[in-house]
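K.L.:
A predicted structure for the sequence below; I have some questions about it.
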Amino acid sequence: MKAFENPDRFRLPSYLSEGPYVLAVKMTLKDDCDDQFGGVQVPRALRGGSNIEISARPETVKVALQRTASSSTLDQALWAAIRNRTSAMSFPRYQRFINTLLVDKGGFDKVVQKVDHELRSLDVHVEEKQRPLGVFGPHAYGVLKLATQAFLTLECGATIREHDAFGERDDLFTAEHEEMRNDQEGITARDLEKRLRSYLRTSDGQPVALPYLKRIVRAFISLKKDEVAKPETSPFSEGILGHRFTAPSMLELIWSYWLEEGMLVQTINAIALRFQNRRSSPHDPLGELEFDPLRPLNNLLWGYIQDEHNRLTVSRRAYEYQHHYGLVLQGKAVSGMAPADTRSKFIEAFHNLLYRTSMFYREDRDTTVIADAFPLLNALREVHLILAEGAHNQFGDLTWTARGEMLINQWMLARPEMREFLRGRYMVPYQEGWMGAVDCMKKLQGWSDTSITHFHELAVTGERILLSIRYGDWVDINNIEEQAKNWARSCKPEIQRYLHGYQAVTGVDLAAESTEAQDGMGRLTQPSKLLQRRLVAQRSASLGRRHGGMRAIGTPTTSAMEELPPVRPAQKYLADK
């Protein structure tokens, strides 16, 4: 084999055949190098060698492709804050709050101290006197209602916390999940809180607030600059409501919409009718429902019914669903509605956003493709503008009130007295304690057989998605592709679960390839109409099974729809006011 002298590197010739070879190496000093090193004579040349084996079988070369990276943006902290606050206002934490406040000894004093601390941090004067919790009598429901308002007040706002209202550490923040969502190892709640403050910080003298809200405030014609930074002292003062500007509630009405479609309110209405000894149908399945007067739920239901004039009606909520999202309820209680304003383009824009997001996920999974997020950015901007149009009039108060009322409904349905009758199915892994009662009621009344679990997931994930769109500053002309890319990756669990839940509830796959026929049949159709169609199909199939076994062989069949009694729409309320 030929020897090589003083090369930097060399390659074996390609014409070598298989077999053993002797590799000889000779190293020589350059002519201009000194052969003396430390007074010792260095040889001018060194020789060495080795036996090598040439094989014609090439070794396997492993190649790894990775997903395209994205740069971090400050608004990622806002998505984390939305997840943190929506988790903080979930039913399990609400139930624990109520039990600690109204049941556990000493819990009331802890909450009073917490409220006192929060109000003092906002420069609100608080009296030093504290009254211990006493016997409620017929006003127990009023106390529960007030405690619900306190819970929402303590947990709202754009912030990230690791503790509950009593100062105890909670599972609101999971570092492992946030590491995967933000593609950053070792991230902590404190790190995200710092990023959130940087995102909310301003240099023009305005209070710390969301960029979207600061953009709105700057456009107010009648507002002076010094009134923006002025602390709020009274709801009757001039200027803006400082707390709504600096600490938005992080509540979205779509949460109430999907739980209303899931029959939460109808369930408690049916129970309230039976409690008053009123029959809801000729064959009332709740005829044996009785609550003894020795336990608290009896008194709470009495207060709930007595307070009916102070609660939102179905028509009030239905009008606001149309004002916010253009979503229409079906049923006798909401027939003949004439809204002054509706978001007719919301369903199209929102479902288009979900479709484009699913397309982005498919491209993003393909490591040979660089996914384009600019169509996603444009779709986000479109939905953001539509949501902003509906953020007027009852936007602030009705959403808050509806959330409080439905949390109370859930709490009463989760009571042991209620579960003695409406047990649900023990082997079904419900996420929250009230769900079994709703599914049981739907079974008794012959309503939709789709589990409340899917409606609950649509409510929770839909709220997070829309909050991230509503309060993100998506109209900024300087927005870049990275922001849409980070949004899609950070919200992927919510979007994928919403897509699955929507298909489970309505039968429409929003992630499927879009066609004109498909758009007309499902994608652009009101969800309530799709639910009504599925209810009709469910009852038709049930009637067909009931009569099919009794038909003699060879006799003609009768159309199931001809014998089907008048179908009650999926959203028909049992008590039409």
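P.N.:
Now that the structure is in, tell me what you want to look at.
K.L.:
biggest helix in this protein, by residue count?
P.N.:
helix 527-548 (DSSP state H).
K.L.:
now that helix: buried residues?
P.N.:
527-528, 530-532, 534-536, 539-540, 543-544 (16 or more other C-beta atoms under 10 Å). Where you see a C-beta, it was placed from the backbone N, CA and C, and this is true even at glycine.
K.L.:
same deal with stretch 304-324?
P.N.:
Neighbour-count burial for stretch 304-324 [16+ other C-beta under 10 Å]: 304, 312, 314-315, 317-324.
K.L.:
show me the residues you listed that map onto helices.
P.N.:
Per DSSP H, those map to helices at 304, 314-315, 317-324.
K.L.:
strands along the protein, start to end?
P.N.:
19-28, 36-37, 40-41, 45-54 (DSSP state E).
K.L.:
parallel or antiparallel, which strands does the third one pair with?
P.N.:
According to DSSP bridges, the neighbouring strands of strand 40-41, each with its direction, are strand 36-37 (antiparallel).
K.L.:
same question for the partner strand, mean pLDDT?
P.N.:
Mean pLDDT, strand 36-37: 64.
K.L.:
same check on stretch 449-461?
P.N.:
For stretch 449-461, the per-residue pLDDT averages 97.
K.L.:
circling back to that earlier point, and the strands of the chain: which comes nearest residue 278?
P.N.:
Closest approach to residue 278 among the strands of the chain is made by strand 45-54 (93.9 Å; C-beta to C-beta).
K.L.:
helices or strands next to that closest one in the packing?
P.N.:
Contacts defined by 3 or more C-beta pairs under 8 Å, 6 or more residues apart in numbering; DSSP states H and E place strand 45-54 against strand 19-28.
K.L.:
the strand it packs on - contacts with which helices or strands?
P.N.:
strand 45-54.
K.L.:
send the alpha carbons of the strand it packs on over as CSV?
P.N.:
Only the C-alpha atoms of strand 45-54 are listed here, as CSV (Å, rounded to 0.1, in the frame of the first residue of the first chain):
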residue,chain,number,x,y,z
ALA,A,45,11.3,10.8,11.0
LEU,A,46,9.1,8.3,12.7
ARG,A,47,7.5,5.2,11.2
GLY,A,48,4.5,3.2,12.3
GLY,A,49,2.0,0.8,10.9
SER,A,50,-1.2,-1.2,11.5
ASN,A,51,-3.2,-3.9,9.9
ILE,A,52,-6.7,-2.9,8.7
GLU,A,53,-9.6,-4.8,7.1
ILE,A,54,-11.5,-3.3,4.1
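K.L.:
what's it in contact with?
P.N.:
With contact meaning C-beta atoms under 8 Å, 6 or more residues apart in numbering, strand 45-54 is reached by 12, 16-29.
K.L.:
and these, which two are the farthest apart?
P.N.:
Largest separation among the contacts of strand 45-54 by C-beta to C-beta: 18 and 29, giving 36.1 Å.
K.L.:
mind checking which of the strands of the chain is nearest residue 471?
P.N.:
strand 45-54 (66.7 Å).
K.L.:
would TSV of the buried residues of stretch 304-324 with distance to residue 354 be doable?
P.N.:
Shown next, in TSV, are those (distance: C-beta to C-beta, whole Å):
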residue	distance to residue 354
304	37
312	29
314	27
315	29
317	24
318	24
319	25
320	23
321	19
322	20
323	22
324	17
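K.L.:
contact partners for residue 76?
P.N.:
Residue 76 neighbours (C-beta under 8 Å, 6+ apart): 182, 195, 486, 490.
K.L.:
give the contact list for the residue lying closest to residue 393 once chain neighbours are set aside.
P.N.:
Computed as C-beta to C-beta, 6 or more residues apart in numbering, the closest residue to residue 393 that is not its neighbour in sequence is residue 323, at 7.1 Å. Counting by C-beta under 8 Å, 6+ apart, residue 323 touches 339, 341-343, 390, 392-395.
K.L.:
now these: which count as buried?
P.N.:
By 16+ other C-beta under 10 Å, the contacts of residue 323 give 342-343, 390, 394 as buried.
K.L.:
quick one: residue 268 and residue 171, what's the gap?
P.N.:
With distances taken as C-beta to C-beta, to the nearest Å, residue 268 is found 28 Å from residue 171.
K.L.:
got it, and residue 256?
P.N.:
Counting by C-beta to C-beta - residue 256 and residue 171 are separated by 25 Å.
K.L.:
which one's more surrounded, the two?
P.N.:
The neighbour comparison of residue 256 against residue 171 (other C-beta atoms under 10 Å) goes to residue 256, with 25 against 10.
K.L.:
ok, that one touching residue 404?
P.N.:
No - between residue 256 and residue 404 there is no contact, the gap being 10.3 Å when judged by C-beta atoms under 8 Å.
K.L.:
wait, residue 244 touches residue 396, no?
P.N.:
Yes - at 6.3 Å, residue 244 counts as touching residue 396 under the criterion of C-beta under 8 Å.
K.L.:
packing partners of the longest helix of the chain?
P.N.:
helix 254-261, helix 492-506, helix 560-563.
K.L.:
lowest mean pLDDT across these, which one is that?
P.N.:
Among these, helix 560-563 carries the lowest mean pLDDT, at a mean of 34.
K.L.:
can you give me the helices in the stretch 1-150 of the chain?
P.N.:
Per DSSP state H, counting those that start in this stretch, the stretch 1-150 of the chain carries helices over the ranges 76-88, 91-102, 107-121, 140-155.
K.L.:
angle of the shortest one against helix 76-88?
P.N.:
If you take axes from the mean of the first three to the mean of the last three C-alpha atoms, to 10 degrees, helix 91-102 sits at 60 degrees to helix 76-88.
K.L.:
list of residues touching stretch 522-531?
P.N.:
261, 327-330, 347-348, 351, 355, 448, 502, 505-508, 510, 514, 570-571.
K.L.:
start and end of that stretch, how far apart?
P.N.:
Stretch 522-531 stretches 11 Å from its first residue to its last (C-alpha to C-alpha, to the nearest Å).
K.L.:
oh, and call the first residue 32 from now on, that's how I've got it
P.N.:
I'll keep to 32 as the first residue from here, and by that count the last item is stretch 553-562.
K.L.:
just to revisit the earlier point, which of the strands of the chain sits most buried?
P.N.:
Comparing the strands of the chain by mean neighbour count (mean count of other C-beta atoms under 10 Å), strand 50-59 ranks first with a mean of 12.
K.L.:
pLDDT below threshold where in the stretch 232-381 of the chain?
P.N.:
233-238, 251-270, 273 (pLDDT under 70).
K.L.:
not counting sequence-adjacent ones, nearest residue to residue 228?
P.N.:
residue 239 (7.1 Å).
K.L.:
ok, now which ones touch the spatially most central residue of the chain?
P.N.:
The residue lying closest to the centre of the chain (C-alpha atoms, centre = their mean) is residue 492, at 2.6 Å. Neighbouring residues of residue 492 by C-beta under 8 Å, 6+ apart: 524-526, 528-529, 532.
K.L.:
do the same with residue 444
P.N.:
Residue 444 touches 295, 298-299, 453, 464-465, 468-469, counting by C-beta under 8 Å, 6+ apart.
K.L.:
among these, who's most crowded?
P.N.:
When neighbours are counted by other C-beta under 10 Å, residue 469 leads the contacts of residue 444 with 29 neighbours.
K.L.:
can you count the residues close to the closest residue in space to it that isn't next to it in sequence?
P.N.:
Of all residues not flanking residue 469 in the chain, residue 483 sits nearest, at 4.5 Å (C-beta to C-beta, 6+ apart). The tally of other residues near residue 483 (other C-beta under 10 Å) stands at 29.
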